[in-house]
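[1] Give me a 3D structure for the following:
(chains A, B and C)
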Amino acid sequence: MSAIEQGIGAGGGRASVRRRAGSRDGIRRALASIMCIGIGIVYLLPLLWVVTLSVRGRTDVLSLRVLPHSFRPRNYVDAFTQFKLGTLLLHSAFITAGAVALSVAMSVTAAYAMSRWRSRLTEGLFLLILLGLMVPPATMIVPFFVVMINLGFYNSLVAVILGEAAFGLPLGILILRGYIDRIPPELTDAARVDGATPWRAFRLVALPLLRPAVATVALFITLSAWNDFLLPLVLLPDATSSTITVGLASSVGTYGQLQPGLLAAASLMAVVPVLAVFMAARRYYVGGLSAGALKS
Amino acid sequence: MFVSWRVKAAFIGPAVAYFGVFLLVPVLAALGFAWTRWSGIDLAQATWNGTGNFTALVSDAVFKEALVHTLTYVVVSTVFVNVIGLALALLINTRVRGHEALRVAMFVPLALSPVIVAVLWQYLLGPYGFVNQVLGSVLGVTDKPVSFLGDPHLAFITVIAATIWQFAGGNMLLYYAGLQSLPQERMEAAAIDGAGWLSRLRWVVLPHLRPTVAVVVALNLIGGWKVFDLVYVLTRGGPDRSTEVLSTYLYEQAFTLNNVGFASAIACVICLLAVVSTLVRRPIAGVEY
Amino acid sequence: MTNDERRAPTRAGRRQAVPEGGVRMDRRELLRKGAAFGVGGTLTSSLLAACGGGGGGASSASGPLAVWTQQAAATGYPTVFAAGGRRVVANGKATSYRYTTVEPTDYNTKLKTACIGGLPPDVCYMPTDGNYPAFVEANLLAPLGSVDVELPNVTPAVMETLKVNGTRYAIPLDLNNLTIGYNKRIFAKLGLSVPRTFDELLALNKPLRAAGYQPLALPVKDRWACSDIFLACLAYTDPSNGQALPKAEHGELPWTAEPFVHAAEMAERLQKSGLLADGISSLDVLGTITLFGNEKAAMMYPVGNFFAGLINQANQTGFEYGIFPVPPPAAGVKARATGGAAILWAVPAKAKNKDGAFDFLQEMNKPRIASLLLSKGFIPAGPYTNPPKLSGVLADMLKLQPDVARRGLYVPAVSTALDNAMTALLGGDGSASDVIKQIQSAAA
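    The predicted model follows:
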């Protein structure tokens, strides 16, 4: 079986990749590589454009020239100091980390329960929680704000963490439940038969198999919390010590200043932390059922 | 296998309690205000309106337009995003050299915030933007700039294209995670039985992925019904309401016109459509394990 | 634990107790513990936060002064505000001055939620749209009758719009008027002169297009600018000198009355003449100013004091530009711009530091702040002594100020309907009668 065919459906990076010596296989692999890189570049062309935008000078950035006529990497330094990116990034990171930890912890156990021990009650609760994902945030923001005020949370990053976790919860449960559904009950049942408590069965059998799923969910909630705008907007009164989304939007509002170059530089810098999380999460994709659990 | 209700409650409790504290009231309020007439400013001024908002919805031309637009948007973008996402997930699963690059490339658009996306597409697709300059001066194909975001018909297609560009990577990641759990033995067994590449795809991979497809499609549909950020920054629902979707209309009603009751009625419709969309999970997933 | 041990049955009858992922259990454990810590830490710190900061605490007359507007630092406005804030602190009416910028599109959302939640700023910018009367009716703003300010530069028409039910709830800091900006270099090159009538303006289309320029750029995508065209025309089609609009807002005049119909027809002529730039429906402020600054568009609208500074930034070749108001339909009629307050202050009813807020308003309208405003290119509402030698665009704007006609509709439903209808009209997709029909049905 060629490596290509193996890839289309073979899982597990640690499973040995059997390579069949032969030029056909090599050509296929080369073609696939070219496709990967080609698609990647084409896909990123708009972003490459943003990069060229971010190194333009002040007037050049508002010109209509396709290619830049100036080179001003100082934009990055300027953007960092002018928009206080250090503070903004720190706040965003703190909020996102907290929200993801909180959200994933609650989602994974709840999704497990809703998948394993299905009943009308759990289905109902599932749909109820899912409503949190379906209702447009614009209609929820004012009541949500009133709730937070009454609970005493305002003007603190913790308030935003609690909010982001709340909005990430339905997403996490929906995705995780889907992946948990596919873990055969025999595995956890086998553990239970041998006397493990449901919690141990969950922790020792199901959780390791869910690594890719949990990593994916963590990534999605990271994205949702990192790029969220409404919540920090209303919960944190001061834009300059808010999150990066609010800070950038308020600093470069159309009536404020026209510095698309700085905005481009700042936005690219804002992508870097999320990208770092993504790269770190990569290794969690490895593993899962491919490890031979079904050798029975 | 018997599990006591206490254990079940312990598993599901934290999430439900958290939801109850933080999200239950906003969700009920968001849906509940549909039965009132309220300007959104002073709670004491909310008055009961029965189904008045809903009857107004049914006869509202803009709402119907927005509904049709949203429906088209949801269907078209979901199809493309899933086909592209799945195809690319299969591609990167081959682990050839360069697959990492593609993975990162597809991910980056997901991490962009709406602010920069707006500037990005304005620069690229505006009347004197990058694409028009290439089409005009470099390639000499057109003599008048193509109004990607200004022409009522083109704007809609542009919005859908921008959506696909930004979100295909997410689907790819979800499918990739799903592919990790496909046991190698099955593929080997199929190969031993003489199945070719395409057959293996059809009879081994896709059936295995059905539950994942179900969840991903449901996610796409739900996200599609309530899409707001991208449309708002690109076109604000214009030109001339040609890209008006339910959420942009809702936003205008709630925050510009101070018509929260009506906006909540639209929210109810969005919610209903999303709930119905989650029901597609069962038929797509087929028989569960 | 070796691989074999992991695979070996720990209990009889079981082949795989723990899959290969078992060694990563530690990391899972870490995640569990981390989450638990996170939750615990979150709850504790939030408890502390609730006790400490948060929304509680008795309001003190001399606390900080929080001011919110839409203006970011680069406009120059925050420096002026800060000068006023420093005065308030010096007067002892506030302990410190805190300024926040909120982006225009989200300003209403944030202001509303803050007011409803009981944590509004002390002084806020009030957008000149329909939300102003809505806020007043919801008792969200404090009456400002007791604030002692002189506003000699504000015309009576504009003053009237600041009163709701006879009481003043907002005070302008500076004034604005909207005009058409034109590229002097292009005009000189083509031998064109500033149009004195509407027809002359429309006639500019041919020579400009022939020379390869877009005649007039306008941010149609940001719908408010389209309504401004309507109101600029209304200034001329209203024989009662500005009475039609307030009367219609109060229901004393139907929206199908002559002045409005003629104004819509005038705007329709503008669109039909081809004067508007190609692809205008997708132009927003950034796009409009970029076109003008790159000399692709010979004219742009609107040019008020908010945009003057931005145009200078976008100016690629250093060309000189001038302004003129939307010209009158007939010769001999005085040209008038539309305008009103640029920065409008209001004080939320639940503001914590009302004394500081009122003091701020008084300080902001004193001559020393007025000179600061002038030096930055803004037109003060308050009195100013020793007007500096002004030239160029600012001088022209000052000259137009006394005859300014009102801009801004104060009925939200009608204002939005006008925005949408005019956007459609200028985008080429509607007619004058559509506009009238829509605003009439919105008023119903």
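
[2] residue ranges for the strands of the stretch 101-250 of chain C, please.
    Ranges of strands in the stretch 101-250 of chain C, per DSSP state E, counting those that start in this stretch, are C:123-125, C:163-164, C:167-168, C:170-172, C:174-183, C:214-217.

[3] Lowest average confidence across the ones you listed, which one?
    The minimum mean pLDDT among those belongs to strand C:163-164 (a mean of 82).

[4] can you list the residues of the stretch 101-250 of chain A near chain C?
    A:101-102, A:104-105, A:141-142, A:145-146, A:149, A:151-156, A:158-159, A:161-162, A:190-191, A:194-195, A:203-205, A:207-209, A:211, A:229-230, A:233-234, A:237-240, A:249-250 (C-beta under 8 Å from any C-beta of the partner chain). Just so you know, the C-beta spots here come from the backbone N, C-alpha and C atoms, and that holds for glycine as well.

[5] I meant the stretch 51-200 of chain B, not that one.
    So far as C-beta under 8 Å from any C-beta goes, the stretch 51-200 of chain B lies against chain C at B:119, B:122, B:125-128, B:144-145, B:147-152, B:155.

[6] Widest-spaced pair of the residues you listed?
    Across those, the longest distance by C-beta to C-beta is 24.0 Å; it joins B:Val119 and B:Lys144.

[7] thinking again about what came up before, out of the residues of the stretch 101-250 of chain A next to chain C, which sit inside helices?
    Under the assignment DSSP state H, those contribute A:101-102, A:104-105, A:141-142, A:145-146, A:149, A:151, A:158-159, A:161-162, A:190-191, A:207-209, A:211, A:230, A:233-234, A:249-250 to helices.

[8] of those residues, buried ones?
    Buried by 16 or more other C-beta atoms under 10 Å in any protein chain shown: A:101-102, A:104-105, A:141-142, A:145-146, A:149, A:158-159, A:161-162, A:190-191, A:207-209, A:211, A:230, A:233-234, A:249-250, out of those.

[9] from those residues, which are also near chain B?
    A:105, A:141-142, A:162, A:209, A:249.

[10] so C:Asp434 makes contact with C:Leu426?
    No: in this structure, C:Asp434 is not within contact of C:Leu426 by C-beta atoms under 8 Å, at 12.0 Å.

[11] which one of the strands of the stretch 101-250 of chain C lies closest to chain B?
    strand C:214-217 (8.5 Å; C-beta to the nearest C-beta).

[12] quick one: which of B:Val119 and B:Lys144 has more around it?
    A direct count of neighbours by other C-beta atoms under 10 Å in any protein chain shown for B:Val119 and B:Lys144 places B:Val119 higher, at 20 against 10.

[13] pLDDT wise, what is the more buried one at?
    On the pLDDT scale, B:Val119 gets 74.

[14] And for A:Glu123?
    91.

[15] sorry, back to before: what's the farthest-apart pair in the ones next to chain B among the buried ones among the ones in helices among the residues of the stretch 101-250 of chain A next to chain C?
    A:Val142 and A:Leu209 (41.5 Å).

[16] For residue 144, list the residues it contacts.
    With no chain named, the answer covers chain A. By C-beta atoms under 8 Å, 6 or more residues apart in numbering or on different chains, the contact set of A:Phe144 is A:163, B:22-23, B:25-26.

[17] let's do chain C instead
    Residues near C:Leu144 by C-beta under 8 Å, 6+ apart: C:168-171, C:346-347, C:358, C:361.

[18] What's the separation between it and A:Ser54?
    45 Å (C-beta to C-beta, to the nearest Å).

[19] go on, C:Thr423?
    Following C-beta to C-beta, the distance that separates C:Thr423 from A:Ser54 is 32 Å.

[20] cool, C:Asn91 as well?
    45 Å.

[21] more neighbours, those two?
    Using other C-beta under 10 Å as the criterion, C:Asn91 and A:Ser54 rank with A:Ser54 on top: 25 against 14.

[22] Pretty sure that one sits against A:Asp78.
    No: look at A:Ser54 against A:Asp78 with C-beta under 8 Å: they stay out of range, at 10.7 Å.

[23] Identify the contacts common to these two.
    Residues touching both A:Ser54 and A:Asp78 (C-beta under 8 Å, 6+ apart): A:Ala265.

[24] Show me the residues of the stretch 51-200 of chain B next to chain C that map onto helices.
    B:119, B:122, B:125, B:152, B:155.

[25] just those now: which is nearest chain A?
    Scanning those for proximity to chain A, where the rule is C-beta to the nearest C-beta, the winner is B:Val119, at 5.6 Å.

[26] Can you tell me the closest non-neighbouring residue to the closest one?
    Of all residues not flanking B:Val119 in the chain, A:Pro260 sits nearest, at 5.6 Å (C-beta to C-beta, 6 or more residues apart in numbering or on different chains).

[27] Does the one you found touch B:Gly126 like I think?
    No: in this structure, A:Pro260 is not within contact of B:Gly126 by C-beta under 8 Å, at 11.9 Å.

[28] which is the next helix or strand following the helix or strand containing A:Ser92?
    For A:Ser92, the element it lies in under DSSP states H and E is helix A:85-116. Moving toward the C-terminus from helix A:85-116, the next helix or strand (DSSP H and E) is helix A:120-134.

[29] count of residues packed around residue 30?
    Unless you meant another one, I'm taking chain A. Residues near A:Ala30, counting by other C-beta under 10 Å: 14.

[30] My question was about chain B, not that one.
    28.

[31] Same check on C:Gly212?
    Neighbour number of C:Gly212 under other C-beta under 10 Å is 7.
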